[in-house]
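>>> when you get a sec, could you give me coordinates for this:
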Amino acid sequence: RANRPEEPDPPVMLWGDSRIGNIIFRDGRPRAVLDWEMAVLGAPEEDLAWFMFIDKHHSQGMEVPRLAGFPSYEATVARYEELLGRPMRNLEYYEILSGFKFAVIMARIGQAMIDFDWIDQVNTFPSDNNCTRLLATLL
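I've put the predicted structure just below:
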């Protein structure tokens, strides 16, 4: 809370789960966006940061290279800024916030796996997983 940035612009509708896996493509073009249960009002940077954190999770967090053909993070930010008509602000804060949100989700999934006896009671997955390790590198 102490590091939460002041936002000079009014909040906008955010997708909340902006990631490539939630887009339906046809003929190489997006046709639908799915998974709106995390939709909120907030700063546009939050959706971009979530997209970037999830992409890093599925590459750096899994210790594999990013898929070929995807633009760099810098190019992605530049395009987003172009479309938004202003520079991104406080992107590092929002990326860490995204990591925290995903870590909470993974903790709940890990605890459910313990509760359903899919993993043993002493398994550290709820607090030690690819997401939490990636978040630790950002922090």
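
>>> the chain: strands as residue ranges?
Under the criterion DSSP state E, the chain contains strands at 12-14, 23-26, 29-33, 40-42.

>>> could I get the ones you listed as a markdown table with mean neighbour count, mean pLDDT and distance to Asp115?
Every C-beta, even on glycine, is put in place using the N, C-alpha and C of the backbone. Below are the strands of the chain laid out as a markdown table (neighbours: other C-beta atoms under 10 Å; pLDDT from 0 to 100; distance: least, C-beta to C-beta, whole Å):
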| stretch | mean neighbour count | mean pLDDT | distance to Asp115 |
| --- | --- | --- | --- |
| strand 12-14 | 15 | 94 | 31 |
| strand 23-26 | 10 | 96 | 32 |
| strand 29-33 | 10 | 94 | 32 |
| strand 40-42 | 13 | 93 | 28 |
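
>>> buried residues in the lengthiest helix in the chain?
Using DSSP state H, we find that the single longest helix of the chain is helix 91-115. Buried positions in helix 91-115, judged by neighbour count with 16 or more other C-beta atoms under 10 Å: 91, 93-103, 106-107, 110.
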